[in-house]
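Asker: give me a 3D structure for the following:
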Amino acid sequence: MKLEHNELNAFIAVARTLSFSKAAQELGMVSPNLSKLVARLEEKLKRKLFLRTTRSVKLSSDGELFLPSALRVFDSLQEAADIFQLRENKTLEGVIRVTAPQTLAIRVLSPNLAEFHK
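Answerer: Reported below is the predicted structural model:
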């Protein structure tokens, strides 16, 4: 069974909002397409993840059981994507300690620290 990223994303959005229309709006898609993604996921898992009525949506017991795992997987995928984003931006974080004579610190380092800090 191969679960798709967009199926997990759809499931998590509906679980968070408890609304197919709100979740679809958040994800920038129409409700029928979101509903198809969730239905496809339920079909793959052979489980109903939501209890639906004409007026409400709530997680089924299987949905409640599946949600923590889905969140972990989704978060792991996001972390992996973030690693490449950081690499692409060449953004580094941390503390840099510089030891320098006072004259060098005043004349060279101080004027350039503000630009470095950006």
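
Asker: distance of the residue nearest the centre of the chain from Thr17?
Answerer: Closest to where the C-alpha atoms of the chain average out (Cα atoms, centre = their mean) is Gln78, at 5.1 Å. From Gln78 across to Thr17, the span is 18 Å (Cβ to Cβ, to the nearest Å). Where C-beta positions appear, they are placed from N, C-alpha and C, glycine not excepted.

Asker: ok so, going back, confidence score at the residue nearest to the centre of the chain?
Answerer: According to the prediction, Gln78 has pLDDT 82.

Asker: and for Ser69?
Answerer: For Ser69, the model assigns a pLDDT of 92.

Asker: would you say it is within a strand?
Answerer: No. Going by DSSP: H, G, I helix; E, B strand; the rest coil, the assignment for Ser69 is helix, not a strand.

Asker: how many residues are close by it?
Answerer: 10 (other Cβ atoms under 10 Å).

Asker: and Thr103, by the same measure?
Answerer: Neighbour tally, Thr103, other Cβ under 10 Å: 8.

Asker: what helix or strand does it sit in?
Answerer: Per DSSP states H and E, Thr103 falls inside helix 102-104.

Asker: cool, Val38 as well?
Answerer: helix 31-45.

Asker: by contact count, what packs against that helix?
Answerer: On a contact count with 3 or more Cβ pairs under 8 Å, 6 or more residues apart in numbering; DSSP states H and E, helix 31-45 meets helix 5-17, helix 20-27.

Asker: next structured bit after it?
Answerer: Remark: after helix 31-45, the chain's next helix or strand is strand 50-52, criterion DSSP H and E.

Asker: please point out which parts of the helix holding Val38 sit buried.
Answerer: Going by neighbour count (16 or more other Cβ atoms under 10 Å), the buried part of helix 31-45 is Leu34, Ser35, Leu37, Val38, Leu41, Glu42, Leu45.

Asker: now pLDDT and distance to Leu8 too, for those, in a markdown table please.
Answerer: Below are these laid out as a markdown table (pLDDT from 0 to 100; distance: Cβ to Cβ, whole Å):
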| residue | pLDDT | distance to Leu8 |
| --- | --- | --- |
| Leu34 | 95 | 13 |
| Ser35 | 95 | 15 |
| Leu37 | 96 | 9 |
| Val38 | 97 | 10 |
| Leu41 | 96 | 7 |
| Glu42 | 97 | 12 |
| Leu45 | 96 | 11 |
